[in-house]
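J.: Quick one: sequence and predicted model below, then my questions.
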Amino acid sequence: MIGPATEAGLLLEPSLVETVLADLGDEPGSLPLVSHALFATWQRRRGRVLAVAGYQQAGGVRQTIAHSAERVIGALSPTPQGIAKDVFLRLTALGDGTQDTRRRVRRAELVAGRGAQAIQVVLERLAEARLVTLADDSVEVAHEALIGSVLTGGKSRRVGCFGQMSCPGSLSGLLA
């Protein structure tokens, strides 16, 4: 954190690094979370200083990415919002007595029998916001922290998929 901030001509409030590290704990794959949180902190900076107050206003490492997702999806019109929520559900491997996890899905599987162009536009928006990662032929949720957020609707809204490895097909009925 310190090196890139210094290279960018920014200063970190002394306790910011300790605060971020304490919030991370032993979170695996935390780089996307840190990146999201520090970008949101940068957006709230005063001058060249990244402060703990800006970091906390952004939501810290746990909430910043979920806030970004809510903002990006909330800015979409109703049809693309439904597509985005469907995409996130389809990128979720549902746990049976275990935690839900992200899963990589082939793009062809996401667009099969649907409006490929509309889905592609939504995927690009989500990728620009660093909520999903796009490979040549696959898509994946950027971080596990997005699983279980408002995007997936929680376990009570996915009863129809419970017990399956993932939720194939259209899930718009689960999102109502």
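T.: Received it, and whenever you're ready, just let me know what you need. All values derive from a computational prediction rather than experimental measurement. Residues are numbered from 1 along each chain as shown.

J.: Quick check: which ranges of this structure have low pLDDT?
T.: 148-176 (pLDDT under 70).

J.: Identify the single longest helix in the protein, thanks.
T.: Secondary structure assigned by DSSP state H gives helix 60-74 as the longest helix of the chain.

J.: Counting by contacts, list what that helix packs against.
T.: helix 16-24, helix 31-43, helix 78-90 (3 or more Cβ pairs under 8 Å, 6 or more residues apart in numbering; DSSP states H and E). Using the backbone N, CA and C atoms, a C-beta is placed for each residue, glycine as well.

J.: So for Ile2, which of the ones you listed sits nearest?
T.: helix 16-24 (6.7 Å; Cβ to Cβ).

J.: Extract the C-alpha set from stretch 77-84 and format it as CSV.
T.: Taking Å, rounded to 0.1, in the frame of the first residue of the first chain, the C-alpha atoms of stretch 77-84 are listed here in CSV:
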residue,chain,number,x,y,z
SER,A,77,-32.5,0.2,-15.8
PRO,A,78,-34.8,-2.6,-14.7
THR,A,79,-34.0,-5.1,-17.5
PRO,A,80,-30.2,-4.9,-17.1
GLN,A,81,-30.6,-5.0,-13.3
GLY,A,82,-32.3,-8.3,-13.7
ILE,A,83,-29.6,-9.6,-16.0
ALA,A,84,-26.9,-8.5,-13.6
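
J.: buried stuff in that stretch?
T.: Buried residues in stretch 77-84, defined by neighbour count with 16 or more other Cβ atoms under 10 Å: 80-84.

J.: likewise stretch 100-109?
T.: For stretch 100-109, by 16+ other Cβ under 10 Å, it's 100, 102-103, 105, 107.

J.: what's the answer for stretch 63-75, then?
T.: Applying 16+ other Cβ under 10 Å to stretch 63-75 flags 63-66, 68-69, 72-73 as buried.

J.: And stretch 18-25, by the same measure?
T.: Buried residues in stretch 18-25, counting neighbours by 16+ other Cβ under 10 Å, are found at 19-20, 23-24.

J.: Between the two ends of stretch 46-63, what distance do you get?
T.: By Cα to Cα, to the nearest Å, the extent of stretch 46-63 from end to end equals 21 Å.

J.: what's around the nearest residue to Leu134 once chain neighbours are set aside, how many residues?
T.: Among residues not flanking Leu134 along the chain, Ala127 sits closest, at 4.9 Å (Cβ to Cβ, 6 or more residues apart in numbering). Ala127 has 14 neighbouring residues, counting by other Cβ atoms under 10 Å.
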